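Q: Provided below for reference: sequence and predicted model.
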Amino acid sequence: MMKEFWNNRYAENEYAYGVEPNQFLKENLHLLTKGKILFVAEGEGRNAVFAAQNGYDVYAFDYSESAKDKALRLAKEKKVTINYNVFDVLQCSYPNDFFDAVVFIFAHFPSEIRKKAHQRIQSFLKPNGKILFEAFTKEQLNYESGGPKEITMLFSEKEIKDEFSEVSFDFINTEIIKLNEGPYHQGKGAVIRFLATKRN
């Protein structure tokens, strides 16, 4: 059912979250080593394309075929190349210790698979590789700016630290921000943001 929801959303003519990169990514991309970078649940490609424009070797996945179509269209318009796959997070297949960085921008998974998904993705990251992360906190239920309406799909700092057990946190912050990302992320939102380094 969720796959159908996302395919329908991404099949709309307009880009659901715009074509400009996420602000947190834009401000912090320079902290990530230039090399192979993975975008998790990347949707329509705005962030992956931005990284490719800045010289990264970009990989991305989502389980929506419509998302991939839009992402590749955007990459073509911007004259960059991204390696984009369609698969479920628990079926995604990359070599261990392959990526220099992994980016999660509003990648919300069902609670029953989330910890397993996060641990799986950490295995793809090289030792000393970086994770850049932004997602909605449980307080987001008080706001109308987007995100899941199911509290178990939203985050707390405690859950983050439990699920990302292979990293050391460079910083982790919970903030209220103003979103302006396409038609579906507009207004005040409650987010958690972190940069972390995978331990040796």
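A: Structure received. Numbers count the residues shown, from 1 in each chain.
Q: Return the residues in contact with I131.
A: Residues in contact with I131 (CB atoms under 8 Å, 6 or more residues apart in numbering) are 101-104, 122, 125, 164, 167, 194-198. The C-beta positions use only the backbone N, C-alpha and C, and glycine is treated the same way.
Q: who does it bridge with?
A: With DSSP bridges as the criterion, I131 is bridged to V102, A196.
Q: Now do the contacts for the closest residue to Y10 other than its chain neighbours.
A: Leaving out its chain neighbours, the residue that sits closest to Y10 by CB to CB, 6 or more residues apart in numbering is S66, at 3.7 Å. Contact analysis of S66 by CB under 8 Å, 6+ apart lists 6-11.
Q: got it, and Q122?
A: Q122 makes contacts with 102, 131, 164-167, 198, as judged by CB under 8 Å, 6+ apart.
Q: Could you do N47 as well?
A: Contacts of N47 by CB under 8 Å, 6+ apart are 21-22, 25, 39, 103, 105.
Q: Would you tell me which one of those residues comes nearest to P183?
A: N22 (15.3 Å; CB to CB).
Q: and the closest residue to that closest one other than its chain neighbours, how far is that from N96?
A: Among residues not flanking N22 along the chain, I105 sits closest, at 4.8 Å (CB to CB, 6+ apart). According to CB to CB, to the nearest Å, I105 and N96 sit 23 Å apart.
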